[in-house]
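# For reference, the sequence and a predicted model appear below.
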Amino acid sequence: MSRKTLIPIGPYHPLQEEPELFKLYCDGEIVTDIKWETGYNHRGIEKLSESKSYDQVFFLVERICGICSTSHPFAFANAVEEIVAVEITDRAKYIRSIIGELERIHSHLLWVGLAGHFLGYNTVFMWAWKYREPVLDLFEMITGNRNSYAMFKVGGVRRDIENSKIPAIRKEIAVIRKKIDLLTGAVMDDPVIHARTKGVGILTRQDIIDYGAVGPTARASGVDIDVRRDDPYAAYPLVNWKVITAQAGDVFAKAEVRLLEMYESASIIEQCIDALEKMKEGDITLKINEIPEGLGTGRAEAPRGEVFHFVVSDGSNSPARHKIRAPSYTNIATFKKSCIGQTIADATLSLAAVDPCYCCTERMAAAYDNSSGKKILNANELIALSLKRTSELRKSGTGHE
Amino acid sequence: MDTETAINKLTEKFIADTLRVVLQKGRRAIVTIRHTAILDISEYLYKSEGYRFIIASALHTRRGFEIYYHFSFDADGSILSLHVILDKEKPHIESLSNMFSASNWIEREMHELFGIDFLNHPNQEKLLSEGNWADDVYPYRKEFK
């Protein structure tokens, strides 16, 4: 009788920068069963939300995820606006879509980088993260923040994108497009990546339907769903774009979907800024005095798939119940299908292929001199430097080439 | 088929189990049903009509425990929420996890946070606080005066 070996991945493991424990039961090299423990980081956000005012909830849900930090406010705004029954202004719609799509580009670049890293192909990792940086600079220029942009509110957005900044954004998107070309060419034609990802971690159409998986994970298995098209919101029905799908359901197909989606995102952003340029500045928010009693369901297509928010309002200042479903909640469960029967090396890649949510917003540090151990910069000085950089970016544009 | 036609079709088929229908804003509908009919109606939606299970959300209210099962019909972007009201003292309902795996985790979560029993669930263990939380204390329950 063969002996089953248990290989733990996590709870703290470089593969997952958030704590989660996967137990791979292996027979030799082959994974025969998988179990997981989650909840190491349960923050009780749904319960916390019941104690916050609607305005505060935006900041709370923005901190659910550090990567797709705008997708939760997006879905929450859709849900609350459904209760209030308002339609936001066109300018606010375009701004919301621009933020959503910029976020998709930087999130997908991050995933491509990590996927490269797990394959042991660190050139891809370094390229992808280098090219992600200009996107974050764009965010800093538009919103003042690299992540957690604080742009959304009930009835519109908090800040306008000034028309004078649009040429700089357009230039930067053209640069990003060139970089995506380079990266897509490198990934799609590389024989090593083909060998490591084709036929690995396959999810069939039936698996997707059974687990209710969403986003690129579903679209890579030929399940053609995308909330932006199916249940239109913000500016998505006002611009031309298409939903990218692939049929194979393996890791390569998921990479392909994400890489090609970045082009669609770039095209959506370009169309949105063209539309913004023709509009008058400033018309970005509606005055909403109170949230009436009612139920609201809001959805948004995050980089990882559909985010779903269900808000019950009792007419008071804060939600009576707020249910949040992030896409990884259904996507992670598909591991049971994609990993069993794989080798250990492929199983870790299959885990990464659904892009389980990572957090990388840490930017704060104190600098010490190596030789003397003396502190060179303190927190306040670093903040001052950061503010200076933001204002420079806003003046000059991002200037990556 | 628009949302209203779809809902009419559903309520005609399950007329004895439908208690209330609320249509809101075009593509959203909330159908309150008897909790004993959850398996049949979900099976009809999932298998015959091609709905996708999004998630369920439980609430603790003065009426008892309530669950909204949200289903998405991706062809027209509508959301149909099946609403059930459960017993105040011993809330229980049939599990959907033998039909689709999508409800497996959320049922475990509702069991853990609200203490709702899901009958015939394949594995009703704790999802979030394995071994770190008392067995009969349910953090999302409310106290009503």
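In hand now; what should we look at?
# Tell me which residues of stretch A:25-44 come out buried.
Judged by neighbour count (16 or more other C-beta atoms under 10 Å in any protein chain shown), stretch A:25-44 contains these buried residues: A:C26, A:V31, A:I34, A:W36, A:E37, A:T38, A:G39, A:Y40. Yep, even glycine has a C-beta here, placed from its N, CA and C like the rest.
# which stretches of the stretch 201-350 of chain A form strands?
The residue ranges that make up the strands of the stretch 201-350 of chain A, judged by DSSP state E, counting those that start in this stretch, are A:293-302, A:305-314, A:321-325.
# So for the second one, what gets flagged as buried?
Of the residues in strand A:305-314, A:G305, A:E306, A:V307, A:F308, A:H309, A:F310, A:V311, A:V312, A:S313 count as buried by neighbour count, 16+ other C-beta under 10 Å.
# Could you do the first one as well?
Residues of strand A:293-302 classed as buried by neighbour count (16+ other C-beta under 10 Å): A:G294, A:L295, A:G296, A:T297, A:G298, A:R299, A:A300, A:E301, A:A302.
# list the contacts for B:R52?
Contact analysis of B:R52 by C-beta atoms under 8 Å, 6 or more residues apart in numbering or on different chains lists A:I209, A:G212, A:I225, B:Y46, B:F71, B:S72, B:F73, B:D74, B:A102.
# ugh, wrong one, A:D55
Neighbouring residues of A:D55 by C-beta under 8 Å, 6+ apart: A:K153, A:V154.
# Retrieve the pLDDT associated with it.
The model reports A:D55 with a pLDDT of 93.
# ditto for A:E401
Among the per-residue scores, A:E401 shows a pLDDT of 51.
# Nearest residue to the residue nearest to the spatial centre of chain A in space, please, no chain neighbours.
The structure's chain A has its C-alpha centroid closest to A:C68; by C-alpha atoms, centre = their mean the separation is 3.0 Å. The shortest distance from A:C68 to any non-neighbouring residue, by C-beta to C-beta, 6 or more residues apart in numbering or on different chains, is to A:A302 (4.3 Å).
# Same check on A:R304?
Taking C-beta to C-beta, 6+ apart, and ignoring the residues beside it in sequence, A:R304 has A:P327 as its nearest neighbour in space, at 4.2 Å.
# what's the burial count for that neighbour?
28 (other C-beta atoms under 10 Å in any protein chain shown).
# which residues of chain B fall in strands?
In chain B, the strands defined using DSSP state E lie at B:18-24, B:28-33, B:52-61, B:64-73, B:78-86, B:92-94, B:117-119.
# one step back: most surrounded residue in the contacts of B:R52?
Comparing those by number of neighbours (other C-beta under 10 Å), A:G212 comes first, having 28 neighbours.
# contacting residues around the nearest residue to that residue once chain neighbours are set aside?
Once flanking residues are discounted, A:G212 sits nearest to B:A102: 3.1 Å by C-beta to C-beta, 6+ apart. By C-beta under 8 Å, 6+ apart, the contact list for B:A102 reads A:D210, A:Y211, A:G212, A:T330, A:A333, B:R52, B:F53.
# could you redo the last one with a cut-off of 7 Å?
The contact partners of B:A102, taken as C-beta atoms under 7 Å, 6 or more residues apart in numbering or on different chains, are A:D210, A:Y211, A:G212, A:T330, B:F53.
# And the pLDDT at A:L136?
Note for A:L136: predicted pLDDT of 92.
# That one falls within a strand, correct?
No. Secondary structure of A:L136, determined by DSSP: H, G, I helix; E, B strand; the rest coil: helix, with no strand assignment.
# how far away is the residue nearest to it when sequence neighbours are not counted from A:F139?
Here the nearest residue to A:L136 in space, its sequence neighbours aside, is A:R146; by C-beta to C-beta, 6+ apart that works out to 4.4 Å. To A:F139, A:R146 is 6 Å away according to C-beta to C-beta, to the nearest Å.
# Neighbour count: the two, which is higher?
A direct count of neighbours by other C-beta under 10 Å for A:R146 and A:F139 places A:F139 higher, at 24 against 20.
# That one: helix or strand, and which one exactly?
Assessed by DSSP states H and E, A:F139 sits inside helix A:122-143.
# Packing partners of that helix?
Taking 3 or more C-beta pairs under 7 Å, 6 or more residues apart in numbering or on different chains; DSSP states H and E as the contact definition, the neighbouring helices and strands of helix A:122-143 are helix A:90-119, helix A:166-188, helix A:379-396.
# From the ones you listed, pick the one with the highest average neighbour count.
Compared across the helices and strands packed on helix A:122-143, helix A:90-119 shows the largest average neighbour count, a mean of 24 (mean count of other C-beta atoms under 10 Å in any protein chain shown).
# what's the average pLDDT for it?
For helix A:90-119, the mean confidence score works out to 92.
# ok so, going back, would you turn the contacts of B:R52 into a markdown table with pLDDT and distance to B:I38?
Converted to a markdown table, the contacts of B:R52 look like this (pLDDT from 0 to 100; distance: C-beta to C-beta, whole Å):
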| residue | pLDDT | distance to B:I38 |
| --- | --- | --- |
| A:I209 | 94 | 19 |
| A:G212 | 93 | 17 |
| A:I225 | 95 | 24 |
| B:Y46 | 95 | 12 |
| B:F71 | 96 | 12 |
| B:S72 | 95 | 17 |
| B:F73 | 94 | 18 |
| B:D74 | 92 | 22 |
| B:A102 | 93 | 15 |
